[in-house]
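**Q** below are the sequence and a predicted model for it; my questions follow.
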Amino acid sequence: AYQAAGRLNEAITLHERTLAEADQALGPAHPDSLQYRDSLATAYRDVGRLDEAITLYERLTADREQLLGAAHPSTITTLNNLGTAYYLAGRLSEAIPLLERTLTQFEHARGPAHPDTLTTRSNLTMAYQTAGRLEEAIPLHEQTLTQFEQALGPAHPSTLSCRSNLGNAYSNAGRLDEAIPLLERTLTQFEHALGPAHPDTLTTCNNLATAYAYAGRLDEAILQYERALADSEPAGPAHPTTVLIRDNLATVYRAAGRHGEALRADTAPTE
């Protein structure tokens, strides 16, 4: 519940305690212990503690392959999570082939429109996008968004995340007339569904501000970045999303000639 509400530090404290107690009471290879380890790794990933997340996911992958087999859905899910952590850590040469493999396995095991398949395809698309492979990323984003809307509905958080990612891809490709209205709509939906401080809302706010900046609408970009930075305070100054928003805000301050504010953003505490 803490994790779903974006209260990740509180979630991690409980995850760590639960895992320690399960390892002691049930053993580290018990299915419940493996599930608690998976939950903790995901919380580490979402808060930006990627080295810790990757270590847990790599161990969990080996354990599940040994206990359940490489084709078991739980094993494939762990591979998807590991590939996503690699992508977030910038380890794209490891992330992309792993996510491509996982997508093929999910398509065979669960079908092309299953939510797990769609989530993996969305993660692969983001890895393509980060690697600058926009010609591959955008059609895959569009396909995945259509399938998310059909499978989960247009207002489901997973659908909204996919729509935000597509808007960001359009923005990066210079298709701003498509990006800006898509991101404006998605931000409003995220605010209603999850609140202004949720990580997915903050990411979409950052994406919209970036699109405004690319379009030369600097005043609107600054307002969005400032708003997102204020809403990200509960996550802490060192959270990756907070750092990204602060860096982007400093860049736009400089572009607008507001150098004193840019310097203050650059030198803000990060711990």
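**A** Here it is on my side, so go on.

**Q** chain center to stretch 52-64, what's the gap?
**A** How far stretch 52-64 lies from its chain's middle: 19 Å, per CA atoms, centre = their mean, to the nearest Å.

**Q** could you list the buried residues of it?
**A** Across stretch 52-64, burial judged by 16 or more other CB atoms under 10 Å covers 52-54, 56-57, 60-61, 63-64. No exception for glycine: its C-beta is placed from N, CA and C like everyone else's.

**Q** tabulate the residues you listed (JSON lines), appending pLDDT, secondary structure and distance to residue 151.
**A** As requested, the buried residues of stretch 52-64 are exported to JSON lines (pLDDT from 0 to 100; DSSP: H, G, I helix; E, B strand; the rest coil; distance: CB to CB, whole Å):
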{"residue": "52", "pLDDT": "96", "secondary structure": "helix", "distance to residue 151": "32"}
{"residue": "53", "pLDDT": "96", "secondary structure": "helix", "distance to residue 151": "27"}
{"residue": "54", "pLDDT": "97", "secondary structure": "helix", "distance to residue 151": "29"}
{"residue": "56", "pLDDT": "96", "secondary structure": "helix", "distance to residue 151": "29"}
{"residue": "57", "pLDDT": "97", "secondary structure": "helix", "distance to residue 151": "26"}
{"residue": "60", "pLDDT": "95", "secondary structure": "helix", "distance to residue 151": "27"}
{"residue": "61", "pLDDT": "94", "secondary structure": "helix", "distance to residue 151": "26"}
{"residue": "63", "pLDDT": "93", "secondary structure": "helix", "distance to residue 151": "30"}
{"residue": "64", "pLDDT": "93", "secondary structure": "helix", "distance to residue 151": "25"}
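
**Q** farthest pair in those residues?
**A** Greatest spacing in those, by CB to CB: 52 and 64 (18.5 Å).

**Q** phi and psi next, for residue 133.
**A** Main-chain dihedrals, residue 133, degrees, to the nearest 10: phi -90, psi 60.

**Q** could you do residue 131 as well?
**A** Torsion angles at residue 131 (phi, psi; degrees, to the nearest 10) stand at phi -80, psi 0.

**Q** now stretch 191-205: mean pLDDT?
**A** The average pLDDT for stretch 191-205 rounds to 91.
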